[in-house]
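> Below are the sequence and a predicted model; questions follow.
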Amino acid sequence: MSDLRFTETHEWALPQEDGSVRVGISHYAQEQLGDVVYTELPQVGSVLQAGAVAGVVESVKAASDIYAPLAGEVSAVNEALEAAPETVNQAAEADGWLFQIRPEDSAALEGLLERAAYEDFLRDS
């Protein structure tokens with residue numbers, strides 16, 4: 001998906017038609033984690049600051065904090081992950097999304113990395 005934007009902490013953000021932004025972890029991040037066995041997602045209605053811990057993804061290897069790529073209010077969570085957390089591994093940048101946020105400033109999305117810049121970041125890390 002060409003509209004995906006990324007953070008250096010390996011989250012992605014995808015604008016939705018209703019103005020919200022869907023958030024998940026990158027394919028690279030799920031590969032590093034290994035088999036995801038549990039997700040702890042933010043509560044709908046909670047207000048997050050950009051860069052703040054929004055949740056946790058646990059795998060057989062480790063638990064990893066998930067950070068909010070933008071400031072705003074959580075408008076939805078991917079409830080399907082409760083029964084099938086492995087979806088994060090199977091489709092990290094699609095059906096494995098974690099939550100949606102209504103950004104305080106939609107222009108902040110432009111400050112995130114485009115895919116090519118994120119891939120350059122991964123190569124340089």
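Received it, and whenever you're ready, just let me know what you need.

> Of all residues in this protein, which one is nearest the centre?
With distances taken as Cα atoms, centre = their mean, residue 24 lies nearest the centre of the chain, 2.3 Å away.

> So residue 88 is in contact with residue 32, correct?
No: if you go by Cβ atoms under 8 Å, residue 88 and residue 32 don't touch, sitting 12.0 Å apart. C-beta: built from backbone N, CA, C; applies to glycine.

> Mind checking which of these two has more residues around it?
Set side by side, residue 88 and residue 32 show more neighbours around residue 88, with 26 against 14, by other Cβ atoms under 10 Å.

> I'd like the mean pLDDT over the regular element (helix or strand) spanning the more buried one, please.
Secondary structure from DSSP states H and E places residue 88 in helix 87-90. In this model, helix 87-90 carries a mean pLDDT of 97.

> Touching that helix from outside, list them.
Defining contact as Cβ atoms under 8 Å, 6 or more residues apart in numbering, one finds that helix 87-90 is touched by 24-25, 30, 35-36, 39, 57, 78, 80-81, 95-96, 98.
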